[in-house]
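[1] Quick check, what structure comes out for this input:
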Amino acid sequence: MRGRWNRVVQDEWVDGLEQSCWSQMPEELLREVLIRIEASDTTWPSRKNVVACAGVCKSWRRITQELVKTPEVSASLTFPISVKQPGPRESLLKCFIKRNRSAQTYYLYLSLTNALTEDGKFLLAARKCRRTTCTDYIISLHADDMSKGSSTYIGKLRSNFLGTKFTVYDGQPPHSGAKIMRNRSTRLVGLKQVSPRVPAGSYPVAHISYEVNVLGSRGPRRMQCSMDSIPASAIEPGGVTPTQTEIRLSNPDVFPSFSFFRSKSHRVENSLSEPLADKKDGALVLKNKAPRWHEQLQCWCLNFHGRVTVASVKNFQLVASPEDGPAGQQHEKIILQFGKVGKDLFTMDYRYPISAFQAFAICLSSFDTKIACE
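    Sure, this is the predicted structure:
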């Protein structure tokens, strides 16, 4: 009854705004104002001003929808849902990760400049939780609230005992055919379920494996990522990948759930309606790009184009692995690169078809201790 009353009051308030002077602003002036607001508010929570502008009236909402597009199209992250959507197709989205060793926490930021600085827009946070037989990395939208029962929990990374195999779990289904993993923690999260259409839980979206170094030979780690929620055809010209359109939180006051969080792309909606298991091709597989040995420097080298400055076994670049037939041009594009630039500062650059959440989880696997890989 209370929710219905709130909706009635909100509808009356919106109807009143439709008749107010704000809705009568000339479209050219309104567009210029929204462009400046969108460009000036670069960090959360001040970025909520852009969201608030879209809630003023229909004309403001329409123009805001036109200005703020998905990362795949705009190459920028605006709303919380953006971290769950694929990155840009034509370029790498530049981010960095700050590590807090004592607290065992990790923070993902969007780089605001091309310089390797610590100035950025906060995106995600993760906390390392050691268990008897595995290690969990709890991923959250909030920098100070990183618990599985939190209203800002969006997923986790889990490793095996040796740190050679990892599974990335999403807190909500990545596509219509996603299967939930049933366990005790899933039942606890389910107690805070908001909508029966989108059950909270653990949905496996990626599997990461590191090659065991039996002989103890020197060299970079070898890794492979099977992106269970992304079809292999996604990297082909015109290929699509399932795209989440809304983050469902148990506490909607944290990030207001506006309708324009949902993508208007018919192509995205079509990809969401079909389970990945029904697609003809398999899941996308990523592998690390093989480095070359530099005789003068006496080390393994990869070209990070200035984004990595410190040699580390953690550094890697991931490209699509051709399953059948020769590798094409699409298999040469770097989809994710990660590298060290300071004692506790690392760069993370990613692109379509993976999201910031998936890229962050993959990079977290590189931080974990790997007894059998060193």
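[2] C-alpha only now, for contacts and for neighbours.
    Noted.
[3] hey, where'd the helices end up in the stretch 101-250 of the chain?
    184-190 (DSSP state H, counting those that start in this stretch).
[4] Low-confidence bits of it, can you list those?
    Within the stretch 101-250 of the chain, the stretches falling below the threshold (pLDDT under 70) are 175-201, 213-220, 248-250.
[5] Give me the neighbour count for Ser355.
    For Ser355, the count of nearby residues is 21 (other C-alpha atoms under 10 Å).
[6] so it sits right up against Arg89, yeah?
    No - the pair Ser355 and Arg89 fails to qualify as a contact (C-alpha atoms under 8 Å) at a distance of 11.4 Å.
[7] what packs against the helix or strand hosting Ser366?
    Per DSSP states H and E: Ser366 is located in helix 356-367. Helices and strands touching helix 356-367, by 3 or more C-alpha pairs under 8 Å, 6 or more residues apart in numbering; DSSP states H and E, are strand 153-159, strand 165-170, strand 203-210, strand 345-350.
[8] Need these in JSON lines (columns: distance to Thr243 and mean neighbour count).
    Listed next are the helices and strands packed on helix 356-367 as JSON lines, based on distance: least, C-alpha to C-alpha, whole Å; neighbours: other C-alpha atoms under 10 Å:
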{"stretch": "strand 153-159", "distance to Thr243": "15", "mean neighbour count": "25"}
{"stretch": "strand 165-170", "distance to Thr243": "13", "mean neighbour count": "24"}
{"stretch": "strand 203-210", "distance to Thr243": "12", "mean neighbour count": "22"}
{"stretch": "strand 345-350", "distance to Thr243": "16", "mean neighbour count": "25"}
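[9] Could you say which one of the ones you listed comes nearest to Pro322?
    Closest approach to Pro322 among the helices and strands packed on helix 356-367 (C-alpha to C-alpha): strand 203-210, 16.9 Å.
[10] helices or strands up against that closest one?
    strand 165-170, strand 223-231, helix 356-367.
[11] any chance you could map the strands in the protein?
    In the chain, the segments counted as strands under DSSP state E are 93-100, 105-111, 120-130, 135-140, 153-159, 165-170, 203-210, 223-231, 283-288, 292-294, 299-301, 316-320, 334-340, 345-350.
[12] Please list the residues outside the first one that contact it.
    Outside of strand 93-100, the residues that reach it under the criterion C-alpha atoms under 8 Å, 6 or more residues apart in numbering are 75-76, 87, 105-111, 118, 344-351.
[13] what about 6 Å?
    106-111, 344-350 (C-alpha atoms under 6 Å, 6 or more residues apart in numbering).
[14] got TSV for the helices and strands packed on helix 356-367, with distance to Thr133 too?
    Shown next, in TSV, are the helices and strands packed on helix 356-367 (distance: least, C-alpha to C-alpha, whole Å):
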stretch	distance to Thr133
strand 153-159	9
strand 165-170	12
strand 203-210	17
strand 345-350	28
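[15] What number of residues are in the vicinity of Val33?
    11.
[16] just use 36 as the starting number from now, easier for me
    In the new numbering, first residue 36, that becomes Val68.
[17] how about the CA coordinates for stretch 169-181, as CSV?
    C-alpha atoms of stretch 169-181 as CSV (Å, rounded to 0.1, in the frame of the first residue of the first chain):
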residue,chain,number,x,y,z
CYS,A,169,39.4,-21.5,-1.4
THR,A,170,39.6,-17.7,-1.6
ASP,A,171,36.7,-15.4,-2.4
TYR,A,172,36.9,-11.8,-3.8
ILE,A,173,33.6,-10.1,-3.0
ILE,A,174,32.9,-7.3,-5.6
SER,A,175,30.8,-4.3,-4.7
LEU,A,176,29.5,-1.0,-6.1
HIS,A,177,30.4,0.6,-2.7
ALA,A,178,34.0,1.4,-1.6
ASP,A,179,33.3,0.8,2.1
ASP,A,180,30.7,-1.9,2.0
MET,A,181,32.1,-5.2,0.6
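[18] buried sites along that stretch?
    For stretch 169-181, the neighbour count (16 or more other C-alpha atoms under 10 Å) marks Thr170, Asp171, Tyr172, Ile173, Ile174, Ser175, Leu176, His177, Ala178, Asp180, Met181 as buried.
[19] Stretch 259-275 now?
    Neighbour count says stretch 259-275 has 259-270, 275 buried, by 16+ other C-alpha under 10 Å.
[20] Ok, stretch 157-171 next?
    Phe157, Leu158, Leu159, Ala160, Ala161, Arg162, Lys163, Thr170, Asp171.
[21] So Phe196 is in contact with Arg166, correct?
    No - counting by C-alpha atoms under 6 Å, Phe196 does not reach Arg166; the two are 9.1 Å apart.
[22] Any idea which of the helices and strands packed on helix 391-402 gets closest to Lys349?
    strand 380-385 (9.8 Å).
[23] Touching, Val275 and Ala267? I think so.
    No - counting by C-alpha under 6 Å, Val275 stays clear of Ala267, with 9.6 Å between them.
[24] Can you show me the CA trace of stretch 381-392 as PDB?
    Extracted in PDB, the C-alpha atoms of stretch 381-392 (Å, rounded to 0.1, in the frame of the first residue of the first chain):
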ATOM      1  CA  PHE A 381      48.100  -1.200 -11.600                       C
ATOM      2  CA  THR A 382      46.500  -0.300 -14.900                       C
ATOM      3  CA  MET A 383      43.500  -2.200 -16.400                       C
ATOM      4  CA  ASP A 384      42.400  -1.500 -20.000                       C
ATOM      5  CA  TYR A 385      39.500  -3.400 -21.500                       C
ATOM      6  CA  ARG A 386      37.200  -3.300 -24.500                       C
ATOM      7  CA  TYR A 387      34.200  -5.100 -26.100                       C
ATOM      8  CA  PRO A 388      32.900  -7.700 -25.600                       C
ATOM      9  CA  ILE A 389      33.800  -7.900 -21.800                       C
ATOM     10  CA  SER A 390      32.500  -5.500 -19.100                       C
ATOM     11  CA  ALA A 391      34.400  -3.600 -16.400                       C
ATOM     12  CA  PHE A 392      33.000  -6.100 -13.900                       C
END
